[in-house]
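# Have a look; sequence and predicted model below, questions after that.
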Amino acid sequence: MTAFKPHLMGLSRYPYTPLEARVKLDQNESPFDLPEALKRQALERMGRVAWNRYPSLDAREVRQALARRWDWPPEGVVVAPGSNLLIQALVQAARRVLDTLPSFPHYAHAARLAGTPYRAVLLRPEGEGFALDLEALLLQFTEGVLFLANPHAPTGSLFPQEAVLALAERAQEVGGLLVVDEAYREFAGVDHRALAQKNPHVALLRTFSKAWSLGGVRAGYLMASPEVAGVIQNLLPPFALPVHTTALLLCVLEAPGYVEEVVQYVKRERESLYEALKAHPTWRPLRSHTNFLLVRTPDAQEAFHKLLAHGVLVRRQDHYPLLSGALRVTVGRAEENRAFLEAAYA
Ligand SMILES: Cc1ncc(COP(=O)(O)O)c(C=O)c1O
């Protein structure tokens, strides 16, 4: 077969193996579905739109609703069915990609797909957790796009504002773009908008999949300068956001109150899970600013299978450098977290 670009032949698939389990804590999803009343409202709104008509070319209504909510110019907002797609567009546009390691795997995967030159700078172990190797990042960031998940995945760390600011200034200096991936920002109470407002070399990536409890719906957005947004919008297919997703997103943006409840619940559960795991004889949880915990175990394979034997599914992370023995567990409902702890201590 010679139809395709050679670099795409035999590429590995996105690293995820679906498994069934009674307690599913492997995908950093919200433990709660959308509140029933809001779900009914959204269904009703979907029923009122014409399904035979194409949606807006560029998700105009949702972009406008987001622009109002976040006080951002609508020309600087791009909406897509999942922030993963925006990552692909950013990587496709980029002259080169700089990443941290470990990191959210889709940055590297998207770079392999797009054939975009890719480099990653190792995090620095610090105390129980991880810090940025700022010096190395500043040195390596000479052009293109730097992806920085803050709070970070899969470590759960939150990097200090001064470090992010230094990277933003470097982006401006070299004419590059710092993409702060804020997928977990609600669980850390951070918001990098002030930085991005001042510096057009900073863009923010956000998702409805975590605190907004809409992982199954597939929706994310970019907030950037109109110039950056224009390029990324152009890389998305026309009419990319379906009418039913549009109706649903407009509903939740009109009644976003449930998000804070999800966030408070998850943060409470995260802290009690962390405290409970600290007493474990051999497992060590890392402090987290997200909706998951990274846990070091003496043997990730053994720990993973022990949990699975008790009906609890988590995600192995021990294939990453610096993360030997690590598992990632999503903070679930109280009863799910209890089941996880019982299995961990069994
Ligand atoms: C850091 C980070 N960015 C982006 C995403 C993807 O989000 P979406 O569901 O909007 O594609 C995830 C999903 O786990 C993530 O962890």
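The structure has been received and is ready for your questions.

# May I ask which helix or strand encompasses Arg119?
strand 118-122 (DSSP states H and E).

# roughly how far out does the helix or strand following that strand sit from the chain middle?
Once the chain leaves strand 118-122, the next helix or strand it forms, by DSSP H and E, is strand 124-126. Distance, stretch centre to chain centre, for strand 124-126: 22 Å (C-alpha atoms, centre = their mean, to the nearest Å).

# For the most centrally placed residue in the chain, which non-adjacent residue is closest in space?
Central residue of the chain (C-alpha atoms, centre = their mean): Ala183, 3.7 Å from the mean position. Leaving aside its chain neighbours, Ala183 sits nearest to Thr207 (4.9 Å; criterion: C-beta to C-beta, 6 or more residues apart in numbering). Placement of C-beta: from N, CA and C, glycine included.

# That neighbour pairs with what?
Beta-bridge partners for Thr207, by DSSP bridges, are Gly220.

# pretty sure it contacts Leu85?
No. Thr207 lies out of contact with Leu85 (C-beta atoms under 8 Å); the separation is 10.8 Å.

# Pull up the overlap in contacts between those two.
Common neighbours of Thr207 and Leu85 (criterion: C-beta atoms under 8 Å, 6 or more residues apart in numbering): Gly220.

# Those residues of the stretch 51-200 of the chain touching the ligand, which are they?
Within the stretch 51-200 of the chain, the positions adjacent to the ligand are Gly82, Ser83, Asn84, Phe104, Ala149, Ala153, Asp181, Ala183 by C-beta under 6 Å from any ligand atom.

# for the stretch 201-346 of the chain, same thing?
Residues of the stretch 201-346 of the chain lying near the ligand (C-beta under 6 Å from any ligand atom): Thr207, Ser209, Gly220.

# Could you dump the residues you listed into TSV with pLDDT and distance to Val266 added?
Shown next, in TSV, are those (pLDDT from 0 to 100; distance: C-beta to C-beta, whole Å):
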residue	pLDDT	distance to Val266
Thr207	98	15
Ser209	98	13
Gly220	98	19
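
# closest to Ala114 among those residues?
Gly220 (18.1 Å; C-beta to C-beta).

# What is the burial count for Pro73?
Neighbours of Pro73 under the rule other C-beta atoms under 10 Å: 14.

# Buried residues of stretch 306-318, list them for me.
Leu307, Leu308, His310, Val312, Leu313, Val314, Arg315, Arg316, Gln317, Asp318 (16 or more other C-beta atoms under 10 Å).

# Now, those that are in helices?
Leu307, Leu308 (DSSP state H).

# correct me, but Gly325 touches Gln301?
No. In this structure, Gly325 is not within contact of Gln301 by C-beta under 8 Å, at 9.3 Å.

# anything in contact with each of these two?
With C-beta under 8 Å, 6+ apart, Gly325 and Gln301 have common neighbours Asp318.

# quick one: which of these two has more around it?
Remark: of Gly325 and Gln301, Gly325 carries more neighbours, 19 against 12, as counted by other C-beta under 10 Å.

# Let me see the contact set for the more buried one.
Arg296, Thr297, Pro298, Asp299, Ala300, Ala303, Asp318.

# Tyr320 now?
Leu101, Pro102, Pro154, Ala326.

# hang on, the first one packs against Tyr118?
This means Leu101. No. Using C-beta under 8 Å, Leu101 makes no contact with Tyr118, being 10.6 Å away.

# which one of these two has more residues nearby?
Tyr118 (19 against 15).

# Hmm, that one is touching Arg112, no?
Yes. The criterion here is C-beta under 8 Å, and Tyr118 meets it with Arg112 at 7.4 Å.

# what are the ranges of the helices in the stretch 101-250 of the chain?
Under the criterion DSSP state H, counting those that start in this stretch, the stretch 101-250 of the chain contains helices at 105-114, 134-140, 161-174, 185-188, 193-198, 226-235, 243-254.

# okay, these in JSON lines with mean pLDDT next?
What follows is those, written out as JSON lines (pLDDT from 0 to 100):
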{"stretch": "helix 105-114", "mean pLDDT": "97"}
{"stretch": "helix 134-140", "mean pLDDT": "98"}
{"stretch": "helix 161-174", "mean pLDDT": "98"}
{"stretch": "helix 185-188", "mean pLDDT": "98"}
{"stretch": "helix 193-198", "mean pLDDT": "98"}
{"stretch": "helix 226-235", "mean pLDDT": "98"}
{"stretch": "helix 243-254", "mean pLDDT": "98"}
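
# Could you identify which of the ones you listed is most buried?
For the helices of the stretch 101-250 of the chain, average neighbour numbers computed from mean count of other C-beta atoms under 10 Å are highest in helix 185-188, which has a mean of 23.

# helices or strands up against that helix?
The contact analysis (3 or more C-beta pairs under 8 Å, 6 or more residues apart in numbering; DSSP states H and E) places helix 185-188 against helix 257-278.

# how far does the helix it packs on sit from the chain's center?
With C-alpha atoms, centre = their mean, you get 18 Å for helix 257-278.

# Could you pull out the buried residues of it?
For helix 257-278, by 16+ other C-beta under 10 Å, it's 258-259, 262-263, 265-267, 269-270, 273-274, 276-277.

# related to what we said a few turns ago, among the buried residues of stretch 306-318, which are in strands?
Val312, Leu313, Arg315, Arg316 (DSSP state E).
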